[in-house]
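> next comes the sequence, and after it the predicted model I'd like to discuss.
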Amino acid sequence: MATVEVKTEITGNVWKVQTTAGSEVAEGDVLVILESMKMEIPVMAPEDGVVKSVHVEEGGVVTEGETVVVLEA
């Protein structure tokens, strides 16, 4: 199995975490929702897999390129 790091494309606040470690996800599933400039930006699974770890929590702040979730694909 390959490890896939899911990274942010923008800097923003973590509005909602929609997954937990051990969850099975499909390509396109929303893992985390960020809030930036009053907009909600979903961070989606790039491929099918199992969530190995979640590196953010609701209310936190992330920067562009930061790893938010690690998948086992």
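Received it, and whenever you're ready, just let me know what you need.

> any idea how far Pro39 is from Glu64?
Check again: residue 39 is Met, not Pro. 15 Å (C-beta to C-beta, to the nearest Å). (C-beta placed from N, C-alpha, C; glycine too.)

> ok, now Leu31?
In terms of C-beta to C-beta, Leu31 sits 17 Å off from Glu64.

> these two - which one has more neighbours?
Leu31 (22 against 10; other C-beta atoms under 10 Å).

> my guess is that one contacts Ala45, does it?
Yes - shown here, Leu31 and Ala45 form a contact pair, counting by C-beta atoms under 8 Å, at 5.7 Å.

> give me the common contacts of the two.
6, 25, 69 (C-beta atoms under 8 Å, 6 or more residues apart in numbering).

> restricted to strands, list those.
6, 25, 69 (DSSP state E).

> which residue ranges of the chain form strands?
Going by DSSP E, the chain shows strands at 3-7, 12-17, 24-25, 30-36, 39-44, 49-54, 61-62, 67-72.
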